[in-house]
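> using only what follows, build the 3D model:
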Amino acid sequence: MLAGLGHAHLFVLEALIKRKLSACRVTVCTAELQHVYSGMVPGWLSGLYSAQDLSIDVAALCARAGATLLPHNVIAINAAARRVTLANGEDMEYDVCSLAVGSMPSGLQLSGAREYAIPLKPLQNVERIIRVLDTREIATRGVCVVGGGLAGVEMALAARARLRANNVEDAVPITIVTRDATLFVKRGERLREQLETACARANVRVVSNATLSAVREQSLLLDDGVEIPSALTIWATGPAAQPWLAASDLATDDAGYVLVNDALQSVSSSAVFAAGDCATLQTAPDISKAGVYAVRMGPMLVRALHDALQGRAPSVRYTPQKRWLALVSTADGRAIASYGFLSIRTTWAMWLKDRIDRTFIARFRNAGA
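Model prediction:
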């Protein structure tokens, strides 16, 4: 049973196609019939990519892998009974279950957030964002992006690029609202400076140390009484665990993510594995919930599942990379390449990002075709 179709599970389906996984009956449970690659979403918003460029047909991929697709999300798991519950109420049994259900945007419990803000997940919400950006109402009220991480910055810069392509003047306000003192606090000073420079050149305002009080239909209200007009509020906050994970009988960390060992195996159930944003590695609990880790986990997960299906103890040990290359599109033909505490903004970095992203999509779109 593959619950969700996060990046790591793409490698599992590829392994099935290539006959690198033990013969088994595989069921994929996900309501998202297009796997949308998150790294290309800002480029989709800015107009660099079409929806087709960053999407993988889930049904076609499952068919080539010989897997059964159930178009419903898993909403509960009983590990002791080896059963999951789907969103349509169906209850299903499994022998081995792998979770790659991702995370959800944090802070949506804030007053008005669910009604008036558009979160980045599920990623199909970007279609809604594009429709609003292409309306005339934007010219009078502007755009607000909640969240000052890399995703928030990329979405704000991509929104400006799209408005410019639509001949909308830079006087239309785009504002990033973040509770932190600076943009993306997890890396060095050089990256922060690069992000701030990119925002300044795109006339994107940053409101830092801000605490939101409420989201309204046409504005954001801060706790100090300041109201920021917004015809479009993009919710790009950090991750939060799916609540049904903590409600299950699986061991989770304090934030509600599934606690796994270095074989990506649940520490409380040997028949359950988890990878990507929904999992916390017991030996490295502080690694970021980032796609680069989910991608590296994919091949390890395949090997661990192969061992489990053979009735063997896991023979693989996943060690997360200590450093990873971040490529941040600035939606002007350039990108910021950041590795450790080094950062540079160039056109070749955007070329590299585009090449990596397109190669990733092509790998799984064409697997077994």
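
> Thr330 reaches Thr197, doesn't it?
No: in this structure, Thr330 is not within contact of Thr197 by Cβ atoms under 8 Å, at 9.1 Å. Bear in mind the C-beta positions are built from the backbone N, C-alpha and C, glycine included.

> joint contacts of these two?
Listed contacts common to Thr330 and Thr197 are Arg345; contacts here mean Cβ atoms under 8 Å, 6 or more residues apart in numbering.

> looking at the two, which is more packed in?
Thr330 (26 against 13; other Cβ atoms under 10 Å).

> what sits up against the helix or strand Ile118 falls within?
Element membership of Ile118, judged by DSSP states H and E, is strand 117-119. Here strand 117-119 makes contact (Cβ under 8 Å, 6+ apart) with 104-105, 108, 125, 128-129, 132, 146, 215, 232-236.

> out of those residues, which sit inside strands?
Judged by DSSP state E, the subset of the contacts of strand 117-119 located in strands is Met104, Pro105, Val146, Val215, Leu232, Thr233, Ile234, Trp235.

> the closest residue to Ala113 other than its chain neighbours: neighbour count?
Distance criterion Cβ to Cβ, 6 or more residues apart in numbering; nearest residue to Ala113, sequence neighbours excluded, is Val215 at 4.8 Å. Val215: 23 surrounding residues under other Cβ under 10 Å.

> sorry, back to before: buried subset of the contacts of strand 117-119?
For the contacts of strand 117-119, a burial check counting by 16 or more other Cβ atoms under 10 Å picks out Met104, Pro105, Asn125, Ile129, Val132, Val146, Val215, Leu232, Thr233, Ile234, Trp235, Ala236.

> quick one: which of the residues you listed is nearest to Asn167?
Proximity of the buried ones among the contacts of strand 117-119 to Asn167 (Cβ to Cβ) peaks at Val132, which lies at 16.9 Å.

> for Gly147, see how far away the closest residue in space to the closest one that isn't next to it in sequence is.
Once flanking residues are discounted, Val132 sits nearest to Leu232: 4.5 Å by Cβ to Cβ, 6+ apart. Going from Leu232 to Gly147 by Cβ to Cβ, to the nearest Å gives 14 Å.

> centre-most residue in this protein?
Ser38 (5.5 Å; Cα atoms, centre = their mean).

> contacts only, for it.
Contacts were defined as Cβ under 8 Å, 6+ apart; by that measure Ser38 touches Leu120, Leu123, Gly291.

> repeat for Gly368
Going by Cβ under 8 Å, 6+ apart, Gly368 touches Glu14, Ile17, Lys18, Arg64, Ala65.

> tell me the buried residues within those.
Buried by 16+ other Cβ under 10 Å: Glu14, Ile17, Arg64, Ala65, out of those.

> wait, a strand at the third one?
Spelled out, it's Arg64. No: in this structure, Arg64 is helix, not part of a strand, as judged by DSSP: H, G, I helix; E, B strand; the rest coil.

> was I right to think it contacts Val26?
No: taking Cβ under 8 Å as the definition, Arg64 is not a contact partner of Val26, at 12.0 Å.

> for the lowest-mean-pLDDT helix or strand in the chain, which positions count as buried?
Counting by mean pLDDT, DSSP states H and E, the chain has its least confident helix or strand at helix 138-141, which shows a mean of 78. Within helix 138-141, the residues scored as buried using 16+ other Cβ under 10 Å are Ile138, Arg141.

> then stretch 59-75?
For stretch 59-75, a neighbour-count test (16+ other Cβ under 10 Å) marks Leu61, Cys62, Arg64, Ala65, Ala67, Leu69, Leu70, His72, Asn73, Val74, Ile75 as buried.

> check stretch 45-61 too.
Leu45, Ser46, Leu48, Tyr49, Leu54, Ser55, Ile56, Val58, Leu61.

> give me phi/psi at the fourth one?
Phi and psi for Tyr49, reported as degrees, to the nearest 10, are phi -120, psi 150.
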